[in-house]
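**Q** Build me a model:
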Amino acid sequence: MTAAESDTSDGERFCAWVREHGRAVRGFLLARIHRPDLADDLTQEVFRRAWGARHRYREQSSARAYLLRIADRLARNSRRVRRPVNLGPADWQRCEATSPAAGPSEAAALLEEAERLAAVMAQLSPLQQRVLLLRYYGDLGFAEIAEIIGCPKNTALSHCRRGLEALRKLLVEKDERRL
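**A** Here you go, the predicted model:
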């Protein structure tokens, strides 16, 4: 294979990664750092790093696991360095995309549910949060999650189970307080 053919196949693989995994990577980052602007920047950085390492990448695990491993590392490092920026209501209207399909009441209900979930997720341990986000945003198997967080597979399973149990309990408690 010539260098030009290799670059073409790398470019096609890269485009496929962005199409197939871009939303999952951004969703994972947004759930980890709670800032759309930073999640967008870090998503771009994930794919920049993946492109830079394209010649070293080997199909040992799924592409999504590879990309989420990069995203997880970036999210952990970005939390130590960057401080959140507080935006006013006018700034949010300019920055946040609106959904043309959802009306105001549907958008408000979705926002309320997202805030509710974020509040109970914040009460979980950081490791439980990472495992649940990798599992449900990343759609990864437990072997891949274990590899990303650096623990045995059974430990990843335990963190997921305990995290889900805690989420259920916290959501029920929150619902009971609302009644």
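**Q** and residue 165, what helix or strand is that in?
**A** Taking DSSP states H and E as the criterion, residue 165 maps to helix 153-178.
**Q** Only the buried residues of that helix, if you could.
**A** 155-156, 159-160, 163-164, 166-167, 170 (16 or more other C-beta atoms under 10 Å). In short, each C-beta sits where N, CA and C put it, glycine included.
**Q** What is the neighbour count of residue 46?
**A** Applying other C-beta atoms under 10 Å, we find 28 residues neighbouring residue 46.
**Q** Please determine how far residue 54 is located from residue 33.
**A** 26 Å (C-beta to C-beta, to the nearest Å).
**Q** of these two, who's got more company?
**A** Applying other C-beta under 10 Å to residue 54 and residue 33 shows that residue 33 carries more neighbours, namely 19 against 16.
**Q** wait, what's in contact with that one?
**A** Shown in contact with residue 33 (C-beta atoms under 8 Å, 6 or more residues apart in numbering): 39, 42, 75, 78-79.
**Q** ok, back up a step: for the buried residues of helix 153-178, which one is nearest residue 130?
**A** Closest approach between these and residue 130, by C-beta to C-beta: residue 159, at 8.1 Å.
**Q** number of nearby residues for the residue nearest to residue 62 when sequence neighbours are not counted?
**A** Leaving aside its sequence neighbours, residue 62 sits nearest to residue 144 (C-beta to C-beta, 6 or more residues apart in numbering; 6.4 Å). Residues contacting residue 144 under the criterion other C-beta under 10 Å number 22.
**Q** I figured residue 144 was touching residue 63, is that so?
**A** No. Residue 144 is beyond contact range of residue 63, at 10.9 Å (criterion: C-beta atoms under 8 Å).
**Q** Closest to the mean position in this protein, which residue would that be?
**A** residue 28 (0.5 Å; C-alpha atoms, centre = their mean).
**Q** host element of that one?
**A** helix 3-33.
**Q** In that helix, which residues are buried?
**A** 17-18, 21, 24-33.
**Q** now do stretch 133-149
**A** 133-135, 137-138, 140-142, 144-149.
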